[in-house]
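# Pasting the sequence and the predicted coordinates here, then a few questions.
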Amino acid sequence: MSDEVQVSRSRGLQIHLFSEKYVLLWVILILSVLSASISPAFLKLQNLMNILWQSSFIGIIAIGATFVMVAGAIDLSVGSLTAFVGGIIVIALNRLVGTGFHIPGAIAFGVGVGIAMGYLTGLLVTKLRVVPFIATLGTMSIFRSLTLYLANGGEFRSLDWSYTVIGMGELAGVPIPVILFLVYGVAAWILLHNTPFGRHLYAVGANERSARYAAIDVDRVRTLAYALSGLSVAVSAVIVSSMLNSVSSSTTGLGFELDAIAAAVIGGTSLSGGRGSILGTVLGVIVLSIIGNMLVMLNVSVYLQGTVKGVIIVTAILAQRRRTS
Amino acid sequence: MKYGVVMAILIILVLSSLTIAQEKTYHIGVAVPAADHGWTGGVIWWAQKAIREWQERDPNLTFTLVTAHNPSEQVAQVKTLMTKGIDALVLLPHESGPLTPIAEEARKKGIFVVCVDRGLLRETAYDVYLAGDNPGLGRMAGEQMAKLLGGKGKIVVIEGLPTQINTERVEGFKEIISQYPDIEILAIQTGYWQRDKSFATMQTLLQKFDRIDAVWAGDDDALLGALQAIKLAKRQDIKFIFGAGGMKEVVKMIMDGDPMVPITITYPPSMIASSISVAVKAIKNEPLFPEFYQNSIPSKIILACEVVNRENAARYYFPDSVY
């Protein structure tokens, strides 16, 4: 079976990708038409920009999750790691105020911590052989608890309001988080779809044993996937913390892991590894954001919002499966 | 001779231990949910403060503070506290249902139970119930909204998590607003009492409605997110926004005269500190305060909400609190 996958993938991937993209674009189109016909304000340029903006921080995390999931693992710790790294960035920023490089310094430090934490989580999975679901359930709890401890249950507040220029700023009318999201997406696309490392990720996720026979260092590839997830979380943490110039130790990042995994799965990433694409994940995140935006636009009762969201997600996945099978 | 000395020492030891035992010591257990929100973080801070202050006042008091992430963890913690031996239990239940039986069991063992903020299913489960007034908070927010608007305008509401507490607040708010025919509630949408979610919800509502006069954010954490969205959209039509809770950042804004945030309404996490004091008074068999003519503690205490405005904000500002 694995050999068939190996052989057919190079040929099948193009078609799969195309059909997935096709179905998701339809889903986006149908949701947009539905939303716009009930509330015309949906189509305002600013609203569409807001949707992309609200997609950006989950989207970057979902891209990281895609790497991990393609490699046949999962990372549940991304939400609490966002709060942890966000908190670290704010602490570093406040310590460095007055040095002149406090913003880039704090960001560099946060990114370093993010990568390191992702790498350590990877080692936990690959070297210590803890099942990914359990290992990251553990780190999820650890990161949240450390964040709460550092903030004493309160919040981290940056002393310098100019930090908000990243999360709140615009370049030529496009919010900076959206630009970061697109640039990050393109870089991730190149890495996953056009490098040997990307091909190794697919090989490891599709069939670990044949990947080993093909002399791929499976552990290294998986650990690096987790490090990439950590990097993605750190980039997202920069956006989240600068948007509101603060990080709440209790609520920041809450539920991000589920949104990120849902986005990747809507985008065609397999929970059992070996399948997935950056474009699919990006479109998956946009679908989730459109749903969120639509629920508010159409003034859907808060009690029913979960049902509407769930039905749309399941329908989108069913529609795709029909296409691909 | 030798035996005499030993006997004397023994007698002294026994006597001294008896006199120590005569001075009664009390142990109070405090069980609250873990800090899953700014407000619960505030609860823990105030609990620690009250414990510290009581221990300075009375060395015979000992306290154990436990925090739980879910109801089953809290049940286990209360069981452990009971095994340790406590005279009173101050309980902010994670959820009413699962905590009711264990609270009843504690009470049967003679432990004085103070139930804080979230109710328990049966009245047999507690001696004293001390809580904030959620419908009252909603009504007060409605009255303040009508007053600040001059009885006329279009408003939106960012509500909280779909829970009983949120429903009571929003219903109270709507009850008052319905008395003002010229105030129109354009939309009630949720921000889950979270800053980033409220930011996104407000952003969308700003696109949907071209004219909004005022916003009630329902919570101070949510207010900060919604306010950021308004500032960013540079909307001049919105005259003001307020929340509820009494978060220190928001109280500071009011104190400094922020033109967008005129007031907030308290739902004080310090209620846990008052509850600890109630428990101490009860086990020492003292009245609530000397001029209170009943010796027992009232069985239900509902705290009134208070409006924090620029004039009185300094009284509500605790810079070293986490909330």
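Alright, I've got the coordinates. Keep in mind the model is a prediction, meaning the values are calculated, not measured.

# who touches A:G284 in this structure?
Residues near A:G284 by Cβ atoms under 8 Å, 6 or more residues apart in numbering or on different chains: A:24, A:62, A:262-268. (Glycine included, C-beta is placed from N, CA and C.)

# typo on my end, A:T252
Contacts for A:T252 (Cβ under 8 Å, 6+ apart) come out as A:82-83, A:86, A:240-241, B:195-196.

# Check the secondary structure at it for me.
Put simply, A:T252 is coil when judged by DSSP: H, G, I helix; E, B strand; the rest coil.

# Next, it: phi, psi?
When read as degrees, to the nearest 10, the backbone of A:T252 gives phi -60, psi 130.

# what's the spacing between it and A:S246?
9 Å (Cβ to Cβ, to the nearest Å).

# what does A:L258 give?
From A:L258 to A:S246 the distance is 23 Å (Cβ to Cβ).

# what about the helices in the stretch 151-300 of chain A?
With helices called from DSSP state H, counting those that start in this stretch, the stretch 151-300 of chain A shows them at A:164-168, A:176-193, A:196-206, A:208-213, A:218-244, A:256-266, A:278-297.

# Could you export those helices as TSV, including mean pLDDT?
Compiled in TSV, those are given as follows (pLDDT from 0 to 100):
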stretch	mean pLDDT
helix A:164-168	89
helix A:176-193	96
helix A:196-206	95
helix A:208-213	91
helix A:218-244	95
helix A:256-266	93
helix A:278-297	92
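
# Can you verify my assumption that A:S210 contacts A:V204?
No - counting by Cβ atoms under 8 Å, A:S210 sits too far from A:V204 to count as a contact (9.6 Å).

# Neighbours of the spatially closest residue to B:G119 that is not a sequence neighbour, how many?
Excluding its sequence neighbours, the residue lying closest to B:G119 (Cβ to Cβ, 6 or more residues apart in numbering or on different chains) is B:S96, at 5.6 Å. Residues within reach of B:S96, counting by other Cβ atoms under 10 Å in any protein chain shown, total 17.

# Which residues are in contact with B:S96?
Per Cβ under 8 Å, 6+ apart, neighbours of B:S96: B:118-121.

# Which of those residues has the largest number of neighbours?
Going by other Cβ under 10 Å, B:L120 tops these with 22 neighbours.

# For it, give its distance to B:E95.
Per Cβ to Cβ, B:L120 is found 10 Å from B:E95.

# ok, now B:K154?
Applying Cβ to Cβ, the value for B:K154 to B:E95 is 37 Å.

# With A:I88 instead?
Taken as Cβ to Cβ, the span from A:I88 to B:E95 is 33 Å.

# Model confidence for A:T324, exactly?
Looking at A:T324, its pLDDT stands at 53.

# go on, B:Q22?
Looking at B:Q22, its pLDDT reads 53.

# Check the one 5 residues further on too.
Model confidence at B:H27, expressed as pLDDT, equals 94.

# Identify the residues contacting it.
Applying Cβ under 8 Å, 6+ apart to B:H27 gives the contacts B:61-64, B:84-87.

# 6 Å - rerun?
B:62, B:86-87 (Cβ atoms under 6 Å, 6 or more residues apart in numbering or on different chains).

# ok, back up a step: least confident of the contacts of B:S96?
For the contacts of B:S96, the model is least confident at B:G119; its pLDDT is 79.

# Can you tell me the SS state at that one?
Under three-state DSSP, B:G119 comes out as coil.

# Show me which residues of chain A are close to chain B?
Selection of chain A residues close to chain B by Cβ under 6 Å from any Cβ of the partner chain yields A:41, A:44, A:46-47, A:50, A:54, A:148, A:152-154, A:168, A:244, A:250-251, A:293, A:296-297, A:299, A:302-303.

# what separates B:Y180 from chain A, distance-wise?
Distance from B:Y180 to chain A, counting by Cβ to the nearest Cβ, to the nearest Å: 21 Å.

# host element of that residue?
Remark: B:Y180 resides in no helix or strand, with elements defined by DSSP states H and E.

# Would you check that it makes contact with B:G151?
Yes - B:Y180 is within contact range of B:G151, at 5.3 Å (criterion: Cβ atoms under 6 Å).

# Compare the two and say which one has the larger neighbour count.
A side-by-side neighbour count of B:Y180 and B:G151, using other Cβ under 10 Å, places B:Y180 first with 17 against 13.

# For that one, list the residues it contacts.
B:146, B:151.

# how about the helices of the stretch 1-150 of chain A, start to end?
For the stretch 1-150 of chain A, applying DSSP H, counting those that start in this stretch gives helices covering A:2-38, A:45-70, A:78-96, A:102-126, A:132-151.

# how close does B:Y26 get to chain A?
Counting by Cβ to the nearest Cβ - B:Y26 and chain A are separated by 27 Å.

# Chain A versus B:W45, what's the distance?
Distance, B:W45 to chain A, using Cβ to the nearest Cβ: 7 Å.

# burial count for that residue?
By the criterion of other Cβ under 10 Å, B:W45 has 23 neighbours.

# Give me the spatial nearest neighbour of it, chain neighbours excluded.
Using Cβ to Cβ, 6+ apart, the closest residue to B:W45 is B:V322 (4.8 Å).

# SS state for the one you found?
With three-state DSSP as the basis, B:V322 sits in coil.

# And for B:Y192?
Of the three states, B:Y192 takes coil under three-state DSSP.
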